[in-house]
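[1] What follows is a predicted protein model with its sequence.
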Amino acid sequence: MCYESVIEKQRYTNKKLNQEDKCMPKLVTIKPIEKDAATVYTRVIFYKVQDEIKYSVNMELDTCTVVDGVKKFMIKDFFVKDKLFEVDVILDTQNVTCSCKMFTRIGYPCRHAFYCLSACRIHKIPRDLLSKRWMKNAEKMHSTLDLGEISKSGSKEGKVKAKSQDVWFEFQGCVTDVSDDEDLLEYVLLELKSLRGKIQEKSKKKQTNSKSDVSERLIGVKPADVITVHPPHQSNNKGSRKRMLSSLEKSLDRRKIPTRICKICGVPALHDSRNCPLKGSEINHQVEKVIEDTTGEKENA
């Protein structure tokens with residue numbers, strides 16, 4: 001019961017926060033950048049960013065210079081005495097860096113950055129200053145289907161993952177919208193069954209059973225037509241205190257072995273009567289001789 005209660009509390013809190021993110025919070029200024037912040041940040045972080053935007057009017061410009069496309073501001077904060085803050089704005093990319101390092105420490109822009117953005121007539125927060133963890137769509141950056149983080153590259157795999165994420169969250173949003181209405185749930189169920197039937201018909205037409213296509217779909221790489229990389233040759237990996245001898249060394253070593261006279265063939269050699277190559281033929285010869293002797297004795301009798 002305790003586990004179910006905790007899970008139910010998490011679901012309720014998540015649903016409540018998602019509902020708050022769908023609504024537009026109250027704005028305190030008429031700046032367009034505040035409205036843009038309300039659309040991208042979660043409610044809790046937006047209120048903190050809203051304070052930074054509100055206090056950005058309490059600034060005084062000391063100097064302003066432009067060097068190589070970088071606009072450098074030296075500003076004074078009324079709340080911080082005897083200190084100047086240096087803010088650099090790259091005009092081409094709209095990237096902003098401040099000497100207070102608030103974005104590096106916390107993850108959202110400071111009031112000095114908002115003052116300089118307003119001075120440069122930039123009405124939207126640069127996307128380089130948006131931390132994923134504070135955004136409304138932070139959940140979409142990571143998949144609940146174990147697809148990993150969405151890649152920003154233009155690769156085919158990244159595009160497929162991004163579309164899979166979009167489809168999944170659209171489906172999840174539809175179920176959330178109709179979760180309290182039985183009639184709408186029945187309507188969504190019928191539409192999903194109909195859509196699934198159409199998808200299965202289209203997938204049968206596009207289905208390919210070749211091994212190369214299956215490999216490309218699974219691992220993302222199509223097998224090469226010509227194989228240039230082969231497994232290494234089998235080697236003797238058993239441990240030994242002696243090195244492997246060549247055939248020449250083996251033949252020279254065999255000459256040093258003393259020879260003996262074989263009782264079967266009667267020749268000095270490296271074998272004896274037990275492993276003589278003529279042993280089998282000698283036995284057969286003796287058997288034939290015994291058979292001839294027995295047949296001769298029977299005829300004489």
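    Looks like it came in fine. Residues are numbered from 1 along each chain as shown.

[2] In terms of pLDDT, where does V70 sit?
    Note on V70: pLDDT of 91.

[3] Kindly report the same for E297.
    pLDDT at E297 comes out at 59.

[4] Enumerate the positions of the longest helix belonging to the chain that are buried.
    Scanning the chain for the helix with the most residues, using DSSP state H, yields helix 182-206. Neighbour counts using 16 or more other C-beta atoms under 10 Å place V188 of helix 182-206 among the buried residues. Glycine gets a C-beta too; all of them are placed from N, C-alpha and C.

[5] try stretch 173-183
    Applying 16+ other C-beta under 10 Å to stretch 173-183 flags V178 as buried.

[6] pLDDT on that stretch, on average?
    81.

[7] residues making contact with it?
    Applying C-beta atoms under 8 Å, 6 or more residues apart in numbering, the contact partners of stretch 173-183 are K15, N18, L184, L185, Y187, V188.

[8] ok, now stretch 102-116?
    Under the contact criterion C-beta under 8 Å, 6+ apart, stretch 102-116 has outside partners 33, 41, 45, 48-49, 52-53, 55-59, 71, 73, 75, 77, 85, 87, 89, 96, 98, 100, 117, 125, 129, 131, 133-134.

[9] Dump it to CSV, keeping only the CA atoms.
    Extracted in CSV, the C-alpha atoms of stretch 102-116 (Å, rounded to 0.1, in the frame of the first residue of the first chain):
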residue,chain,number,x,y,z
MET,A,102,25.2,32.7,-13.4
PHE,A,103,24.3,30.6,-16.5
THR,A,104,27.3,28.3,-15.8
ARG,A,105,26.4,27.9,-12.1
ILE,A,106,22.6,27.6,-12.3
GLY,A,107,21.5,27.1,-15.9
TYR,A,108,19.5,30.2,-16.8
PRO,A,109,20.5,33.7,-17.9
CYS,A,110,21.2,36.5,-15.5
ARG,A,111,19.7,40.0,-15.4
HIS,A,112,22.9,41.4,-17.0
ALA,A,113,22.4,39.2,-20.0
PHE,A,114,18.8,40.2,-20.3
TYR,A,115,19.7,43.8,-20.2
CYS,A,116,22.2,43.4,-23.0
